[in-house]
Structures are given as C-alpha cells and as structure tokens.
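Peer 1: Build me a model:
(2 chains)
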Amino acid sequence: DTGVSQDPRHKITKRGQNVTFRCDPISEHNRLYWYRQTLGQGPEFLTYFQNEAQLEKSRLLSDRFSAERPKGSFSTLEIQRTEQGDSAMYLCASSLRPSGRGNEQFFGPGTRLTVL
Amino acid sequence: QKEVEQNSGPLSVPEGAIASLNCTYSDRGSQSFFWYRQYSGKSPELIMFIYSNGDKEDGRFTAQLNKASQYVSLLIRDSQPSDSATYLCAFYAGGTSYGKLTFGQGTILTVHP
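Peer 2: Purely as a prediction, here's the structure:
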C-alpha cells in the first residue's frame, strides 16, 4: 500500500495519560500535515512540516501537543496530560507540492482518540 | 464570521437528481479551492479543485468559483446512492499559510433510491 498510513487506528486512554501517534506519508512527499477533526466538523489544521522542519503551528496546538518529523520521513504527534476535549480523529496528510494550483493533500485513515 | 461556511444540511436528493453544494469563504486572498468527500468513518478524499473563476467539469461533478462573491459550489449530476457522504469545502490561502487547508464544517448529502 503506497498511501498515507497512521498508527494506531484507535486509541482509548484515561485523562492525564500521554499518547503518541505515528504517520507515515507517501514516500516521495516532503510535505506533511496534521489535522484534528471532531464530530460534525471539518478537519482543523494543527501543524505542517516541510521535510524535517516544522514550519507552521496552529494556535490550537497547546503546549501539551508536540510534533516531530525526524529525518523528514515519518512524523509523530504526542499529546501530554490528555484531556477529554482532546477526543477527536487525528488526521495526517502529505503532499508533494504546496496546495496552490490544486496540488492534492492525501489523507491517511486517521487515529481516533477517546479520552475517558 | 467563520472562514468557510457551507450550506447547512443534511441535503437529501432522489437518485438521478442534481445535488448542489455551496460554500462561502472570507479570505479574499484565497488561491485554491477544494472539494473533498468523506464517507462515514473514513478520511477525506479529493473530488475536485478549482482556482480560476468559472466552471470546471469532471465527469458528473462541476465546480464553480466566483472570487468576487467569494463563493464556490459543487454540482453533482445524476446523483447516485454511492454519492451519499459528507462533502467538505476547503481553501488554500497561499502566502505564508504553507499549504494548510482551511475546511468548512461539511454538508451531509443523502441520495435516496
């Protein structure tokens, strides 16, 4: 499968625990994005990597959230001290070029996080 | 004012009819506009993009963009039950937005036989 992959697909955790998600983009894509989607809403941008550099972070990304993309390949998103409001689908996307002129972002299957 | 607003749903159309999905956006600097389809429990998949004023057709889908009115729409002709999904409108602002997409809340479309 040459698409974007994410792991795990589902995560249930207790409030206050730390969780880490992984995203493997399409191999030749140097741009990687994290989004969060709650029920009944569209995806909300969290952060963006070009190669290994994190170039943009949303104000939604509190200090409890951190993302990395070592060596410009896979990426991890960590949430520390989870809260019930963190429950959402976390989507990863990758692209080969910027979104201008319609260059497509390909989405992974997402990681559904439930915080009890 | 929300950055992207989509017509409230859910929208229900009979099989074979035209489904019309609408979206307005607030950022006049927006460069590209995307329509994604999202089946329940699945991730978004791109249907069409448009960046020039006017119409763009691809099979049963037509995207329409009017930058002066800050309006973009998606028409689905000969709607099929398999078109039943949530349709997400998104835009790319360009400049320092580094390619991030800003999405609307989505419109749920149901095509009934």
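Peer 1: need the contact list for residue 84.
Peer 2: Reading this off chain A. Counting by CB atoms under 8 Å, 6 or more residues apart in numbering or on different chains, A:Gln84 makes contact with A:15, A:115-116. The way it works is simple: take the backbone N, C-alpha and C, and place the C-beta from them, glycine included.
Peer 1: actually chain B
Peer 2: The neighbourhood of B:Ser84, defined by CB under 8 Å, 6+ apart, consists of B:109-111.
Peer 1: Can you flag which of those residues belong to helices?
Peer 2: With helices taken from DSSP state H, there is no overlap with those.
Peer 1: and which of the residues you listed is nearest to B:Ser20?
Peer 2: When the contacts of B:Ser84 are compared for distance to B:Ser20 (CB to CB), B:Leu109 wins out at 9.9 Å.
Peer 1: how much space is there between that closest one and chain A?
Peer 2: If you measure B:Leu109 against chain A using CB to the nearest CB, to the nearest Å, the figure is 15 Å.
Peer 1: if we can go back for a sec, give me the buried entries from the contacts of B:Ser84.
Peer 2: Among these, those classed as buried by neighbour count (16 or more other CB atoms under 10 Å in any protein chain shown) are B:109, B:111.
Peer 1: Throw the contacts of B:Ser84 into JSON lines and include pLDDT and distance to A:Lys11, thanks.
Peer 2: Below are the contacts of B:Ser84 laid out as JSON lines (pLDDT from 0 to 100; distance: CB to CB, whole Å):
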{"residue": "B:Leu109", "pLDDT": "97", "distance to A:Lys11": "30"}
{"residue": "B:Thr110", "pLDDT": "97", "distance to A:Lys11": "31"}
{"residue": "B:Val111", "pLDDT": "97", "distance to A:Lys11": "34"}
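Peer 1: residues in chain A within reach of chain B, list them.
Peer 2: With CB under 8 Å from any CB of the partner chain as the criterion, chain A comes near chain B at residues A:31, A:33, A:35, A:40-45, A:48, A:50, A:55-56, A:91, A:95, A:98-110.
Peer 1: mind listing which of the residues you listed are in strands?
Peer 2: Those of these mapping onto strands are A:31, A:33, A:35, A:44-45, A:48, A:50, A:55-56, A:91, A:95, A:106-107, per DSSP state E.
Peer 1: In PyMOL, select just the buried ones from those.
Peer 2: Under the burial definition 16+ other CB under 10 Å, those of those that qualify are selected in PyMOL by:
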select buried, chain A and resi 31+33+35+44+45+48+50+56+91+95+106+107
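Peer 1: a markdown table for the ones in strands among the residues of chain A next to chain B, including distance to B:Gln6 and pLDDT?
Peer 2: Putting those into a markdown table (distance: CB to CB, whole Å; pLDDT from 0 to 100) gives the following:
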| residue | distance to B:Gln6 | pLDDT |
| --- | --- | --- |
| A:Arg31 | 26 | 92 |
| A:Tyr33 | 21 | 95 |
| A:Tyr35 | 17 | 97 |
| A:Glu44 | 15 | 95 |
| A:Phe45 | 17 | 94 |
| A:Tyr48 | 23 | 93 |
| A:Gln50 | 29 | 91 |
| A:Leu55 | 28 | 90 |
| A:Glu56 | 24 | 89 |
| A:Leu91 | 18 | 98 |
| A:Ser95 | 23 | 91 |
| A:Phe106 | 22 | 92 |
| A:Phe107 | 18 | 95 |
